[in-house]
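Q: The following block contains a protein sequence and its predicted model.
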Amino acid sequence: MTDVIVNPSVVEPAALAPSTTTTKQWRPRRFTFGGLAIWIVLALLIILPVTCFLILAVSPRMFSQGPQWFTFTYIRQAFEGYTLRGVVNSLWVSSAVAVLATGGATSLAWLVQRTNIGARRLWSISMWLLLLMPTWIMAQGWTDLLQPFGVADALGVNLSWLYGEFFGPLGIIVVLTSASLPFAFFIVSAGLRGLGPEFEDAARIHGAGRLQTMKTVLPIIAPAILGAFAISFAETISDFGVADTLGYHAHFPLATYTLFNAISNFPANFSVGAVIAGVLILATVPPIALQSIVSRKSEAYGILSGRTRTPKRREFRPGPRVAATAAVGFFVFVALGVPIIGAVTGSFVQNLGEVGATHIHFTLTYFAQVFHPTIENDGLGSPLTLSNQLGLVVSTVTGVLAVILARRMMASRGGWSQRITDVFLLGSIAIPGVVLAVGYIFFYDLSFITHHIINIYKTLPLLMLGLVASAVPGQTRFMAGPVSQIQSSLSEAARVHGASRWRTWRTTNLPLMSRVLVWGWLLTFAKTISELAMSQILYPPSREPASVSIQSYINNFQLGTGTAMTVALMAEMFGVIILAFGAYRLLTPVGWRRVGWSVVD
Amino acid sequence: MPTLERPKPVGVAIASLSKTFSGKPALNDVSLTIDPGDFVVLLGPSGSGKTTMLRCVAGIERPSSGTIDIDGTRVAGPKTFVHPEKRGVAMVFQDYALWPHLSVRKNIAFPLASSGLAKDVRRGRVEGLLERVGIAHLADRYPNELSGGEQQRVALARALAADVGLILFDEPLSNLDTDRREQLRLEIATLTREAGATAIYITHDQSEAFALADYVGVLNKGSLVQFDTPENVYRRPVNSFVTRFTGIAGEFAVASVHDRSEEYVDVSLPFAPSHHVRARARDSGERVESLKLFVRASGVVLNAEAHDQGVGGEVLDVAFTGRGYEHVVSVGQGATLTKIFSARRFERATNVKVSFEPSECFVMDAREEEEQ
């Protein structure tokens, strides 16, 4: 047991905390009412709405949605014409994006983690910013830049040759790859951090050439690379932001949009929607299962020596160093800079995108409309206020639930309970927001539910529940890593030396988790106030959240106002993050800031 | 130099303690009584249950059955479970368990926060401990700025700060190098006895156990095999497991049993049938085939080949240890003796004579351990 640590990044976080792992692994999970309550909450939040909705695909009569108890009619319908195109497009685009994002992220992670390229912290921070950017905002930025009478025209740059190309699969792949990049980057980076130089050194010393060394060492981070692929694929296939904007305008249907279309048309066809939902979920099973199997197998060689040293960085000479830094800079500029510049500049361009506009110049008119509502424009005030309220409630509830779930997962590590929870959460991440939202519309409108359980259909609490449900799985897995790194002996030491449960949590766990709690809260807050799929489907009548309101303006050809609102929303997101971190620095003791998980390593 | 306050030492009574994890027994019907002020070391290999036992006493684990009384108060038993913070114990952890976000001073002050003592009294106590343990100059540092030995000193000071009658030590020296281990072992022994607390200390290192303990408890496969003074555990081990675990130079199958007395027995060995070896007769039972002769390193004397007594052997290896030489000697038929000390160096491949000190040799039934 001594002098052995487990690399947290190569294996599941389950295997940490060396001093007590042996006994912890044996510990059986007793039946507890807390555990039961958690599973009831998860059932109402995720399992039942999604399951009931999926059953509709073959048995519409079970929920009074059609005459048949069992039929394949809707499966046939879903695999015809427009919906079939959506499914096929989603599958190949997601595969392409997953390959590109994994390759790009692996290269980027290697450059940042294992070489001496310049501005390494900046690239890590850029990945976090990219993670926060909703895909519909990225699509909006590119659209503002490239469309006729858009930002490029206003700046006198002729990009018309790119316009036609971008409004099709190419643009969709560029935006979705940019959006998937940070997920893949963080997973591969974690893998690389755990890959000590001794493995490479040992291979070289024992006669392996560069290629053989790479072949020997690569399997150690294979789970990370496969994980990056699986998550990129799952994120892409479940994306709604691009499907609803770029995909719709480019007449390139993606499955999430055809699903939305199936239930928003009159009459709504929930059964076809359920088939598409089933396809979306099933498509994510192979990559996630593969990653899970490889991760589990890797546990066998996941125990590394306690003497694992900090990985050695490859020292580029000045010329290659500048070239590599410039390449990464260009990469980040395309992924993050272009959409931001497009949106921000677009918000100042008079008559943005108006065909036939004779004079294009810069103006503050749209921002005036954002903050001063008129009869024609409602402004962003009340939608933004509503989104902020949602953000506050959802991120707080999600944070609490995620911490509870992460702690339970870690308390039962190695056991069946942890494995079930882990697989369930991983599977839930793969459930597209649009599927969950449609599941909610369907499930919470069932007469049994409205009459006997809860009647929240077409209300704000339903939207809140949906947002919490979509955020909890990701947040729990995000928290699980840092939670697992807190050795149980720290809490045990506090209890043995006289601290109550509450004092133990307050004085030992909270400080060690404070950074990840703050960042997790901010991440959920930022994602919630800009969320589109759930909001579009579940918002109650006359109470539009900011993202839905912005889409309304854009769809009504008020591009300038919509873009200015987008910029205001982005500014708020980043402003809140800066303020929160500033407050954290000012208000927390020095010791809290010295330890635990960090945004930039 | 400041002196430590002396808490009232407490007694510990453990009766029929068992603990299972998912049906696998980790502790099996262990009973043990520790008198106030005693320094008890629980010795055993990995998986013997010593850590589980300590964690049950601390209240970190809940026993499956049995009782634990501390200072006459039941802290664990049927329908009784006192939480760790209410047991009035302190503990030094194997991985130190120092809170990384707190400075050394704040780590040590932690147990005093709920003591009800005035702030200046607490501060004075912490400063006294910092000085006593020799880390006053590190008071404002954080744990990650300390070496392993310094971290363990902080952990020791924290345990002493609690001012309790029972201190638990969970293999506190196992992560340290040999030099630091020796030094800290001495400090743990001195400071704990000076503090006047009862101590339960677990280790898998028999020399550490013998150096520290008033009493040693040897655990194997979840059972307490022997509980006695270090001298008795070494000189009168109750079975082959204890003998092996407390250090032997070699063990040999017995060929035949000859003269028996109440305490001693003469046996002959397959590689020296004409030579009789006298040994303590722990077992000299009916089945000779299951008997073995166990020899302590300190019970073997090495002489030149010309010596008229002893079993013939050949030196396989010799190592200089500073105060003399340790030898590995082949005594025939693949049997070897290791760690044989002699002030004189016998070169490799030299023929020697080996003689045995009866009080440090034991004839025992080797099946006992297997049957356990």
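A: Okay, I see it.
Q: For the rest of this, base every contact and every neighbour count on C-alpha atoms.
A: Noted.
Q: Residue B:312 bridge partners, please.
A: Beta-bridge partners of residue B:312, counted by DSSP bridges, are residue B:353.
Q: all helices for the stretch 1-150 of chain B, in order.
A: Secondary structure of the stretch 1-150 of chain B, counting by DSSP state H, counting those that start in this stretch: helices at B:50-58, B:104-109, B:119-132, B:148-161.
Q: Which neighbouring elements make contact with the third one?
A: Taking 3 or more CA pairs under 8 Å, 6 or more residues apart in numbering or on different chains; DSSP states H and E as the contact definition, the neighbouring helices and strands of helix B:119-132 are helix B:104-109, helix B:148-161.
Q: what is the mean pLDDT for that helix?
A: Looking at helix B:119-132 alone, the average pLDDT works out to 92.
Q: For burial, what's the neighbour tally of the closest residue to residue A:53 other than its chain neighbours?
A: Excluding its sequence neighbours, the residue lying closest to residue A:53 (CA to CA, 6 or more residues apart in numbering or on different chains) is residue A:439, at 5.2 Å. Residues within reach of residue A:439, counting by other CA atoms under 10 Å in any protein chain shown, total 26.
Q: State the distance from residue A:439 to chain B.
A: Here residue A:439 is placed at a distance of 39 Å from chain B (CA to the nearest CA, to the nearest Å).
Q: Give me the pLDDT value at that residue.
A: 87.
Q: doesn't residue A:52 make contact with it?
A: Yes. Contact criterion CA atoms under 8 Å: residue A:439 and residue A:52 qualify, at 7.4 Å.
Q: which residues touch the residue nearest to residue A:53?
A: The contact partners of residue A:439, by CA atoms under 8 Å, 6 or more residues apart in numbering or on different chains, come to A:49-50, A:52-53.
Q: at 10 Å what do you get?
A: A:46-54, A:270, A:273-274, A:277, A:433, A:445, A:466 (CA atoms under 10 Å, 6 or more residues apart in numbering or on different chains).
Q: Give me the secondary structure label for it.
A: Three-state assignment for residue A:439 (DSSP: H, G, I helix; E, B strand; the rest coil): helix.
Q: State which helix of the chain is the longest.
A: Picked chain A for this. helix A:81-114 (DSSP state H).
Q: My question was about chain B, not that one.
A: helix B:178-195.
Q: Do whichever helix or strand comes after it and chain A come into contact?
A: Toward the C-terminal end, the helix or strand that comes next after helix B:178-195 (DSSP states H and E) is strand B:198-203. No. If you take CA under 10 Å from any CA of the partner chain as the test, strand B:198-203 misses chain A, and the best it gets is 12.1 Å.
Q: Direction included, what does strand B:198-203 pair up with?
A: Applying DSSP bridges, strand B:198-203 is found paired with strand B:39-43 (parallel), strand B:166-170 (parallel).
Q: Can you list the buried residues in the following helix or strand past that strand?
A: Of the helices and strands lying after strand B:198-203 in sequence (DSSP H and E), the nearest is helix B:206-212. Under the neighbour-count criterion of 16 or more other CA atoms under 10 Å in any protein chain shown, helix B:206-212 has B:206, B:208-210, B:212 buried.
Q: if we can go back for a sec, take the helices of the stretch 1-150 of chain B and lay them out in CSV including mean neighbour count.
A: CSV is the format used below for the helices of the stretch 1-150 of chain B (neighbours: other CA atoms under 10 Å in any protein chain shown):
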stretch, mean neighbour count
helix B:50-58, 24
helix B:104-109, 24
helix B:119-132, 17
helix B:148-161, 24
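Q: tally of neighbours for residue 327?
A: Using chain A. Residues lying near residue A:327 (other CA under 10 Å) number 13.
Q: that's the wrong chain, I wanted chain B
A: The local packing of residue B:327 (other CA under 10 Å) involves 23 other residues.
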